[in-house]
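Engineer: sequence and computational prediction follow.
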2 protein chains.
Amino acid sequence: MPLPLIDVHTHMYLPRYVALLRARSKVPRIVSRKGGDRLIILPDEEADQSTSAGRPIGGEFHVVDRKLAFMDHHGIAISVVSSANPWIDFVEPGEAPALAAQLNDDLEEICAASNGRLLGFGVLALQRPETCAAELKRLARHPHMRGVIIGSAGRGKGLDDPGFEPIWRAAEETGLFVFIHPHYGIGHGLFPDTGHAMMLALGFTFETSIAVALLILRGTLERHPGLKLLIAHAGGTLPYLAGRLDSCVKNDISKNFGLPRPPSHYLRQCWYDSIAYHPPALAALEAFADPAKILFGTDHPFFRPHVGDDVLDRTTWPSPEENLQALSALESGRQKAIAYGNGLAAFGVELP
Amino acid sequence: MPLPLIDVHTHMYLPRYVALLRARSKVPRIVSRKGGDRLIILPDEEADQSTSAGRPIGGEFHVVDRKLAFMDHHGIAISVVSSANPWIDFVEPGEAPALAAQLNDDLEEICAASNGRLLGFGVLALQRPETCAAELKRLARHPHMRGVIIGSAGRGKGLDDPGFEPIWRAAEETGLFVFIHPHYGIGHGLFPDTGHAMMLALGFTFETSIAVALLILRGTLERHPGLKLLIAHAGGTLPYLAGRLDSCVKNDISKNFGLPRPPSHYLRQCWYDSIAYHPPALAALEAFADPAKILFGTDHPFFRPHVGDDVLDRTTWPSPEENLQALSALESGRQKAIAYGNGLAAFGVELP
């Protein structure tokens, strides 16, 4: 009998967002090409007119029934759906707060219609941080929303942006999660001729790690001990590097961060998805994190299987398979906690 | 009874090298300031005339008896001494090969006089890669030399520099180790106002990880399965990220590296020091690496204790203490293997 699963890391481009990307003439945008729509999210992809520019974007990215079909095929009982990068970070500041509210209302509506299968992480207009506390408080009254997803870059000044203090305060007060996720912020020029592989494997995880480490070193979790940070991709590299970070902070006499406790103390307050891809990383995560704060995730719909659209919804995707495989190295009680037990407690729901 | 230790990651600036740095008017150089000599190794430190520019450099960096005193205090039976960054990477190409040979002969002489306490990793003139194979073959005839240390940047084009192919071939043929170590190659501008802590904790480990991943993706270990790479600082982040790297390489349809096996296969051929600083990272390293290829290290003389010179040699340093502490979470046989058993086998020596 397979474990029921709660998937904390699973993305959608909501229909309103897809329409926005289709209407744009600048990156990020969706272009129709022979062979299907392509999502172009990096400026240097814009010049490439071939079908290899960007990545294919089909219904698995934006049709709710396709998400549910994926969940059914993989035994996922509940998904906490978040928008995928680049969120609304590119939107004109004057338009972003209203768009955030509309997208958040859209997602609430989708979740409400799902018979308990879907919960949501909303978006914030980070380009107008002074509007975000009110949106968080509004979100907290949506019955199916459990937090927000934000990019590692913040509004371009990192997550240790002093202007974000009201966001952390409101997130702490409302008890909403803040899901921290990378978006091509690190590594341009460092990995020539490596496709997406190095950027996604190393660039993404390094970006998240730097953003979260700076957030902690600036005292954010010291000031807001109740803040619920969920760190993408098994914490990037931080569960591995936390001891080294402690040592470097303690022994570097050139800088005193004024923190009463080592960085690892604050990192242990955070939540982590289990998207670790192999047992050694999961072993470190298990040894490092609070046992109640590791949550199963799939990163759907990324790394689409190399099959046609007609069979996609009946195909096993690599990321859930690889991450379930990694989980199977743990003892049974820990598998259950990560697969669904921790999620039920964290999000205050029951299995549907 | 404490475990005997073989320290695979311990640095010296050899006296000839210190004299060279003292004579220079450009970075890297050693300057005499009130309060002691300072080593300036980054260009942006050069403008800073305060005593906080660079880092203090005393006899613990270059006097052999001080290394032996450190070893005695910490129960280290044998040290495999390597030059510290930036090695000879800054030297004029015309002068570098002869300097490499002189420094390597100096180190052999120091080791030969140590009654079995010291072995050495030499340096190469990477700015003249066509000279390196001959130097490796010469080094292999030095009774106390066990390999070379090279920086992650290579000669500025990374370690996947096509010009380095003769180096890998000669290293494989001679059986010498190649110890891969970072040197401030990643992260400038990413960690403002964080002293050295973020650069050393995250920048160094990210730099090593990128360099080694590229080396593997370009097929170096596929072409040279006998090449003995020793990866600094517990492999940077690679033991944690290896599964993710496998998945990204396998599932990214935009690039085919043409490797018959996943990156983790080649990463498992590598050696790792145990400089992990906390049990969770060591758990991942243990779960990932070949059990015979994890070797104890201290990173001496970095993170000097905050004490006066007069008591330094009788003071316990943080890095060996923290890394021994991390080791103590393992079962006894594994502690012995990492502490000295693997080192005896890898370097073909006996405890003195």
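Structural biologist: Good, I have the coordinates.

Engineer: for the stretch 201-350 of chain A, what spans make up the strands?
Structural biologist: Ranges of strands in the stretch 201-350 of chain A, per DSSP state E, counting those that start in this stretch, are A:228-231, A:271-273, A:294-295.

Engineer: pLDDT weak spots in the stretch 51-200 of chain A?
Structural biologist: Residues of the stretch 51-200 of chain A that meet the criterion pLDDT under 70 lie in A:51-52.

Engineer: now the helices for it?
Structural biologist: Applying DSSP state H, counting those that start in this stretch to the stretch 51-200 of chain A gives helices spanning A:64-74, A:96-112, A:132-139, A:165-174, A:197-198.

Engineer: what packs against the last one?
Structural biologist: With contacts defined as 3 or more Cβ pairs under 8 Å, 6 or more residues apart in numbering or on different chains; DSSP states H and E, the secondary structure elements packing on helix A:197-198 are helix B:204-217, helix B:238-251. Where C-beta positions appear, they are placed from N, C-alpha and C, glycine not excepted.

Engineer: ok so, going back, deepest-packed of the helices of the stretch 51-200 of chain A, please.
Structural biologist: Among these, ranked by average contacts under mean count of other Cβ atoms under 10 Å in any protein chain shown, first place goes to helix A:197-198 (a mean of 25).

Engineer: got the contact list for that helix?
Structural biologist: Outside helix A:197-198, the residues that touch it by Cβ atoms under 8 Å, 6 or more residues apart in numbering or on different chains are A:187, A:190-191, B:210, B:213-214, B:217, B:245, B:248-249, B:252, B:255, B:257.

Engineer: list just the nearest of those residues to A:Gly75.
Structural biologist: Taking Cβ to Cβ as the measure, A:Gly75 sits nearest to B:Cys248 out of these, at 24.2 Å.

Engineer: what number of residues lie near that closest one?
Structural biologist: Counted with other Cβ atoms under 10 Å in any protein chain shown, residues neighbouring B:Cys248 total 25.

Engineer: so it makes contact with A:His196?
Structural biologist: Yes - using Cβ atoms under 8 Å, B:Cys248 makes contact with A:His196 at a distance of 7.0 Å.

Engineer: how about the most centrally placed residue in chain A, nearest residue that isn't a chain neighbour?
Structural biologist: The centroid of chain A falls nearest to A:His181 when counting by Cα atoms, centre = their mean (4.3 Å). Among residues not flanking A:His181 along the chain, A:Ala232 sits closest, at 4.5 Å (Cβ to Cβ, 6 or more residues apart in numbering or on different chains).

Engineer: in contact with that neighbour, which residues?
Structural biologist: Counted by Cβ under 8 Å, 6+ apart, A:Ala232 has contacts A:9, A:179-182, A:204, A:208, A:273, A:275.

Engineer: and of those, the nearest to A:Gly348?
Structural biologist: Using Cβ to Cβ, A:Phe179 comes nearest to A:Gly348 of those, at 16.5 Å.

Engineer: need the winner for burial among the strands of the stretch 201-350 of chain A.
Structural biologist: Neighbour counts averaged per stretch over the strands of the stretch 201-350 of chain A are highest for strand A:294-295, at a mean of 28; criterion: mean count of other Cβ under 10 Å.

Engineer: which neighbouring elements make contact with it?
Structural biologist: Under the contact criterion of 3+ Cβ pairs under 8 Å, 6+ apart, strand A:294-295 touches strand A:5-12, strand A:271-273, helix A:342-347.

Engineer: can stretch A:69-84 be found next to chain B?
Structural biologist: No - judged by Cβ under 8 Å from any Cβ of the partner chain, stretch A:69-84 stays clear of chain B, getting no closer than 15.8 Å.

Engineer: wait, what's in contact with A:His278?
Structural biologist: Residues near A:His278 by Cβ under 8 Å, 6+ apart: A:322, A:326, B:242-244, B:246, B:264, B:288.

Engineer: which two from those end up farthest apart in space?
Structural biologist: Greatest spatial distance among the contacts of A:His278 (Cβ to Cβ): A:Glu322 and B:Phe288, at 15.4 Å.

Engineer: quick revisit: got the strands of the stretch 201-350 of chain A as a markdown table, with mean pLDDT columns?
Structural biologist: Compiled in a markdown table, the strands of the stretch 201-350 of chain A are given as follows (pLDDT from 0 to 100):
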| stretch | mean pLDDT |
| --- | --- |
| strand A:228-231 | 98 |
| strand A:271-273 | 98 |
| strand A:294-295 | 98 |
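
Engineer: how about those in CSV, adding distance to A:Gln102?
Structural biologist: Below are the strands of the stretch 201-350 of chain A laid out as CSV (distance: least, Cβ to Cβ, whole Å):
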stretch, distance to A:Gln102
strand A:228-231, 24
strand A:271-273, 27
strand A:294-295, 28
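
Engineer: with that, I have no additional questions.
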